[in-house]
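**Student:** Provide a 3D model corresponding to the input given below.
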Amino acid sequence: MVAKLKAPYVDRLNPSYGVNADQKKKTAEAFEALNLFVRRHGGAVTSPPGKILRIEVPKNSELPAKLTELGYIVAERGSVSRITGTDYVKPSDELYGSRASPFGEYDVLEIRMDGK
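**Tutor:** Numbers count the residues shown, from 1 in each chain. The predicted structure follows:
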């Protein structure tokens with residue numbers, strides 16, 4: 001005679017609160033789509049995928065307004081300086097405006113992936 005398992009033991013082996021593969025796939029696709037949108041508009045996602053994303057955009061960018069139009073709540077988190085990758089510029093050339101500085105000022109934004 002085979003012993004029957006009790007219901008609480010079976011429920012413990014198959015919890016209903018776990019995230020299934022479809023939800024993980026949808027979340028990854030949503031992150032990739034948002035990352036592509038941000039990059040096309042001159043910004044960069046600087047945080048790993050998760051509920052809250054940190055985005056850096058150039059000063060006076062229109063990207064925060066576009067994200068707001070899409071339904072995201074955009075929170076400003078200050079600004080940072082980044083090296084943009086251009087060649088060395090003498091301070092006198094930068095001062096008189098003949099060449100752009102290799103440093104750029106970027107605004108830091110945070111949004112939630114769920115849009116709330």
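**Student:** switch to C-alpha atoms for all contacts and neighbour counts from now on
**Tutor:** Noted.
**Student:** where are the low-confidence patches of this protein?
**Tutor:** Applying pLDDT under 70 to the chain picks out residues 1-19, 85-89, 92-101, 115-116.
**Student:** if you set the cut-off to 80 instead, what comes out?
**Tutor:** By pLDDT under 80, the low-scoring segments of the chain are 1-22, 83-104, 115-116.
**Student:** Looking at it, which helix is longest?
**Tutor:** The residue-count maximum for a helix in the chain (DSSP state H) belongs to helix 21-40.
**Student:** tell me which residues of it are tucked away?
**Tutor:** 27, 31, 34-35, 37-38 (16 or more other C-alpha atoms under 10 Å).
**Student:** Most widely separated two among the residues you listed?
**Tutor:** Farthest-apart pair in these is Thr27 and Val38; separation 16.5 Å (C-alpha to C-alpha).
**Student:** got a list of what Gly42 touches?
**Tutor:** 57-58, 61, 63 (C-alpha atoms under 8 Å, 6 or more residues apart in numbering).
**Student:** swap the cut-off to 7 Å and go again
**Tutor:** Val57 (C-alpha atoms under 7 Å, 6 or more residues apart in numbering).
**Student:** cool, and Pro49?
**Tutor:** Taking C-alpha under 7 Å, 6+ apart, one finds Phe31 in contact with Pro49.
**Student:** how much space between it and Gly104?
**Tutor:** 25 Å (C-alpha to C-alpha, to the nearest Å).
**Student:** Ok, Ala28 next?
**Tutor:** 30 Å.
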